[in-house]
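In: dropping a prediction and its sequence here:
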Amino acid sequence: MARQAGNAADNGLHAVQALSKKQQAIIDREAELLDIAKAIVIREGFAHLTMDKVAAASAYSKGTIYNHFISKEDLVTALAAQAFKQEIQLFRRALAFDGNSREKVIAMHVGYSLFTRLEPVLSLCVLTSRTPFVIEKSSQERLAQFTALEEELVGISDQFLANGLESGALVLPKGFNRDSVVFANWSMAFGSNALMNNASKSCCVSRIAQNDSILQNASLLLDGLRWQPMSADFDYFKSWQRIEEEAFATEVALLNAQSDRAE
């Protein structure tokens, strides 16, 4: 049976259009090429990713690959879109976590931290894809898809803030608006995880624990906003553990298995 395009609505009332075998083959081939590109970046870094190397590692001609991606930069943008798709799913699970509004924000940080450790290349592709050089050489269709996913992700991020405001747990300090708080939360998460994962030998990073550092950074931000309950009055370390167990058990198991293989 042909797979279906997209996901059915939660209430099951909206029909979805079935993909033809040819359409599904194109999707599967593109996913295969992205896996190959990601493997090259893992081994050799972004600078050494080329279309020739992707072709050599695949069963397809370079012409076929160019039918999917107009350049190696287009490949990077497609990988960044993959990152956003995964982050969207993780953020939705964080938003659905059974906790107070601040715990839901912590759940977002748990999910994002797990993602950056499980998919370090994809997480860095998001930043790389926003550089002018990559944008200039990516297809307009790819950029439009990426932008739509980014807007969806930001919309979910807005919901975390809306929960705090609507519940009364958060009152925006004078001079701050919603957009600035969402940006501060995202930039803190991105920067903290990027340093933890890519500068682990730095003396500033090597002396601290991964989970504790991410949580403490989030607490500094959220306490600064006076988002209730304050960290002095609530055990968010216990929340982090509960979030891992209840919302992200699969990702924790994958990360543990990854660590075991590396030893």
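Out: Looks like it arrived, so ask away. Numbering: from 1, shown residues only.
In: CA only for contacts and neighbour counts going forward, please
Out: Will do.
In: give me the three-state assignment for N256.
Out: Here N256 is recorded as helix under DSSP: H, G, I helix; E, B strand; the rest coil.
In: give me the neighbour count for it.
Out: The number of residues packed near N256 is 13, by other Cα atoms under 10 Å.
In: and if you look at P132?
Out: By the criterion of other Cα under 10 Å, P132 has 9 neighbours.
In: any idea how far it lies from N256?
Out: Separation of P132 from N256 (Cα to Cα, to the nearest Å) stands at 37 Å.
In: so, low pLDDT: which residues of this structure?
Out: Within the chain, the segments meeting pLDDT under 70 span 1-17, 198-211, 263.
In: for the helix or strand where I106 lies, give me every contacting residue.
Out: Assignment of secondary structure by DSSP states H and E places I106 within helix 101-118. Helix 101-118 has contacts (Cα atoms under 8 Å, 6 or more residues apart in numbering) with 87, 90-91, 94-98, 122-123, 160, 163-164, 167, 169, 189, 193-194, 197, 214-215, 218, 227-229, 236, 239-240, 243-244, 248, 251-252, 254-255.
In: drop anything exposed from these.
Out: The neighbour-count test (16 or more other Cα atoms under 10 Å) marks 87, 90-91, 94-95, 97, 122-123, 160, 163-164, 169, 189, 193-194, 197, 214-215, 218, 227-229, 236, 239-240, 243-244, 248, 251-252, 255 as buried among those.
In: ranges for the helices of the stretch 51-200 of the chain?
Out: Under the criterion DSSP state H, counting those that start in this stretch, the stretch 51-200 of the chain contains helices at 51-56, 62-68, 72-95, 101-118, 120-128, 132-136, 140-167, 178-198.
In: middle-most residue in the chain, spatially?
Out: Nearest residue to the geometric centre of the chain (Cα atoms, centre = their mean): E87, 3.3 Å.
In: what sits closest to it if chain neighbours are left out?
Out: Once flanking residues are discounted, E87 sits nearest to Y112: 6.9 Å by Cα to Cα, 6 or more residues apart in numbering.
In: burial measure for the one you found, as a count.
Out: Look at Y112: counted by other Cα under 10 Å, it has 23 neighbours.
In: now R102
Out: With other Cα under 10 Å as criterion, R102 counts 23.
In: what's the answer for T250, then?
Out: By other Cα under 10 Å, the residues close to T250 number 12.
In: let's have the chain start at 20 instead
Out: Got it, the first residue is 20 from now on, which makes the last one we talked about T269.
In: mind checking the SS state of it?
Out: Assigned with three-state DSSP, T269 falls in the helix class.
In: what's E106 in contact with, if anything?
Out: For E106, the contact set (Cα under 8 Å, 6+ apart) comprises G130, Y131, F134, L172.
In: what about it, distance to A100?
Out: 10 Å.
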